[in-house]
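Colleague: what shape does this take:
(one chain, ligands or ions: 2)
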Amino acid sequence: MDAFYLIKVGEILLKLGNRKEFEDRLRSQLHSRLERAGIGHKIDMTPGRYFLTVPAERSAEAERILSRMPGINGYARAIKTEKRLAAVLEAAVEVARARVAQGKTRFKAESRRSDKSFELGSFELSAKIGEVVLAACPGTKVDLHSPEFTINAEIRERAYVFGDPEPGLRGLPVGSGGKGLLLLSGGIDSPVAGYMMARRGMALEACYFHAYPYTSQEAQDKVISLARLLSSYTGHIVLWTVPFTEAQLKIKKDSRMDLTTLMMRSGMMRVAQLLSERIGANCIVTGESLGQVASQTAENMRLTASFTDFPVLRPLVGMDKEDTVAIAKRIGSFDISILPYEDCCVLFSPKHPMLKAKLGRERAAYEALGLEPLLLEALDKAERLELS
Ligand code: ATP
Ligand code: MG
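Modeller: Ligands and ions are numbered 1, 2, ... in the order given. Predicted coordinates:
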């Protein structure tokens with residue numbers, strides 16, 4: 001038996017000239033995710049309506065994919081029947097019974113009819129569904145204002161009957177917003193930043209600066225877990241692990257103590273610039289939030305961003321930590337992020353860091369360190385891991 005889904009999109013419908021491009025993205029994203037999961041499927045798209053058919057025994061996995069796909073506003077498992085009144089009513093009762101089994105009683109029926117040759121108008125069809133469900137499911141009540149469930153019937157080339165759609169992520173299909181390089185640490189913020197950009201349609205590659213043995217293998221494993229989680233939203237992700245120990249030791253040895261964090265961030269940004277060029281990314285994404293730590297003042301962001309000509313996107317810049325934590329919990333990254341680990345930046349961080357970098361002065365301090373050969377070598381040794 002097949003499971004059949006109606007997929008609702010939102011923002012894509014507002015695209016006028018290039019809507020087809022967004023629809024094609026959505027289709028290819030859905031296709032590749034289902035294919036990677038080994039789920040046989042059929043996708044049908046008519047303007048404004050999208051349908052997915054998968055084997056019923058794979059429906060739970062397919063729903064997980066639908067629920068994590070940017071660009072989808074909602075989806076509903078639907079019964080597809082002939083365009084005969086009796087068949088539609090029978091399907092409506094089936095939908096109602098499933099909801100009643102969950103303890104829900106107050107309902108309303110909504111019908112749409114694009115095929116005007118169907119024997120009842122949409123208003124009459126809704127009334128008829130109400131009547132039949134009331135008779136078939138004792139204890140149910142019609143409630144047009146605050147129903148606990150809705151029975152939808154759509155009469156088109158076929159008839160479709162379904163309950164309330166499950167919410168999707170909304171946003172735009174991955175890939176429609178170009179590609180970004182996400183600076184991914186093991187903390188709470190950067191995975192959320194990556195998720196937020198993915199939801200706006202950005203494909204991601206991630207870059208992690210690893211300072212082994214100052215940061216442990218566990219710290220790296222944690223970042224891999226976070227990247228894997230992100231891939232459930234992006235469909236696919238490439239994680240670059242850049243060995244950063246040599247650069248950090250040099251900074252620790254030669255830099256003024258209060259500048260070490262800034263010098264490290266600047267070096268990371270320089271590597272991010274080179275890596276972005278190499279992979280064809282068009283922006284750099286970080287989890288920075290204004291004022292959260294010393295390195296995240298506007299002055300210091302100006303300094304670090306001066307080491308790249310790509311736009312540095314910081315989706316969390318104006319967010320409160322609690323709001324970020326709430327998103328992290330919702331998307332499933334929080335429990336991974338709070339696993340104990342050593343953040344390289346904490347290990348090397350000064351007690352009294354510079355809060356307000358002066359661009360010219362601090363850039364000169366950076367240049368004086370002569371980090372470039374170490375950074376090039378680190379980039380050369382970067383490990384590439386594909387996750388999906
Ligand atoms: P996070 O929770 O994402 O670690 P944070 O609040 O701890 O952020 P910082 O540690 O100052 O802030 O890092 C700021 C940003 O710099 C991070 O959000 C991330 O994008 C990037 N970053 C920091 N450390 C690393 C690292 N080791 N590898 C890759 N990116 C990093
Ligand atoms: Mg951190």
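
Colleague: how deep is E90 tucked in, by neighbour count?
Modeller: Neighbourhood size, E90 [other C-beta atoms under 10 Å]: 15. (Glycine included, C-beta is placed from N, CA and C.)

Colleague: ignore what I typed, I meant G332.
Modeller: 16.

Colleague: show me the contacts for it.
Modeller: Taking C-beta atoms under 8 Å, 6 or more residues apart in numbering, we find G332 in contact with L229.

Colleague: measure it to P167 for me?
Modeller: 16 Å (C-beta to C-beta, to the nearest Å).

Colleague: repeat that for A193.
Modeller: Per C-beta to C-beta, A193 is found 22 Å from P167.

Colleague: using PDB, write out every CA atom in stretch 183-198.
Modeller: Output in PDB follows, covering the C-alpha atoms of stretch 183-198 (Å, rounded to 0.1, in the frame of the first residue of the first chain):
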ATOM      1  CA  LEU A 183      32.100  28.300  11.100                       C
ATOM      2  CA  LEU A 184      30.900  25.500  13.300                       C
ATOM      3  CA  SER A 185      32.200  25.100  16.800                       C
ATOM      4  CA  GLY A 186      30.800  22.700  19.400                       C
ATOM      5  CA  GLY A 187      28.900  25.400  21.100                       C
ATOM      6  CA  ILE A 188      25.200  26.200  21.200                       C
ATOM      7  CA  ASP A 189      25.200  29.100  18.800                       C
ATOM      8  CA  SER A 190      26.800  28.200  15.500                       C
ATOM      9  CA  PRO A 191      24.500  25.100  14.800                       C
ATOM     10  CA  VAL A 192      21.500  27.300  15.300                       C
ATOM     11  CA  ALA A 193      23.000  29.900  13.000                       C
ATOM     12  CA  GLY A 194      23.500  27.200  10.400                       C
ATOM     13  CA  TYR A 195      19.900  26.000  10.800                       C
ATOM     14  CA  MET A 196      18.600  29.500  10.400                       C
ATOM     15  CA  MET A 197      20.500  30.100   7.100                       C
ATOM     16  CA  ALA A 198      19.500  26.700   5.800                       C
END
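
Colleague: report the separation between the residue of the stretch 101-250 of the chain found nearest ligand 1 and ligand 2.
Modeller: The nearest approach of the stretch 101-250 of the chain to ligand 1 comes at G187, 2.1 Å away (C-beta to the nearest ligand atom). Distance of G187 to ligand 2, computed by C-beta to the ion, to the nearest Å: 3 Å.

Colleague: so what's L355 up against?
Modeller: Counting by C-beta under 8 Å, 6+ apart, L355 touches 294, 297, 299-300.

Colleague: surely it forms part of a strand?
Modeller: No - under DSSP: H, G, I helix; E, B strand; the rest coil, L355 falls outside any strand and is assigned coil.

Colleague: please name the nearest non-neighbouring residue to Q220.
Modeller: Distance criterion C-beta to C-beta, 6 or more residues apart in numbering; nearest residue to Q220, sequence neighbours excluded, is H210 at 5.4 Å.

Colleague: so what pLDDT did that neighbour get?
Modeller: On pLDDT, H210 comes in at 94.

Colleague: D115 too?
Modeller: Reported pLDDT for D115: 80.

Colleague: cool, and E372?
Modeller: Looking at E372, the pLDDT reads 97.

Colleague: next up, the contacts around it.
Modeller: Applying C-beta under 8 Å, 6+ apart to E372 gives the contacts R270.

Colleague: and it, how far is that from ligand 1?
Modeller: 19 Å (C-beta to the nearest ligand atom, to the nearest Å).

Colleague: from T215, how far out is that residue?
Modeller: Taking C-beta to C-beta, one finds E372 at 23 Å from T215.

Colleague: Y341 belongs to a strand?
Modeller: No - the assignment for Y341, made by three-state DSSP, is coil rather than a strand.

Colleague: follow-up on the earlier one: without its sequence neighbours, what residue ends up closest to the residue of the stretch 101-250 of the chain closest to ligand 1?
Modeller: S337 (6.0 Å).

Colleague: quick check: phi and psi on that neighbour?
Modeller: phi -60, psi -30 (degrees, to the nearest 10).

Colleague: quick one: the helices in the stretch 51-200 of the chain, in order.
Modeller: Assigned by DSSP state H, counting those that start in this stretch, the stretch 51-200 of the chain shows helices spanning 59-67, 85-100, 122-136, 189-199.

Colleague: between those helices, which one is closest to ligand 2.
Modeller: Closest to ligand 2 of the helices of the stretch 51-200 of the chain is helix 189-199 (C-beta to the ion; 6.9 Å).
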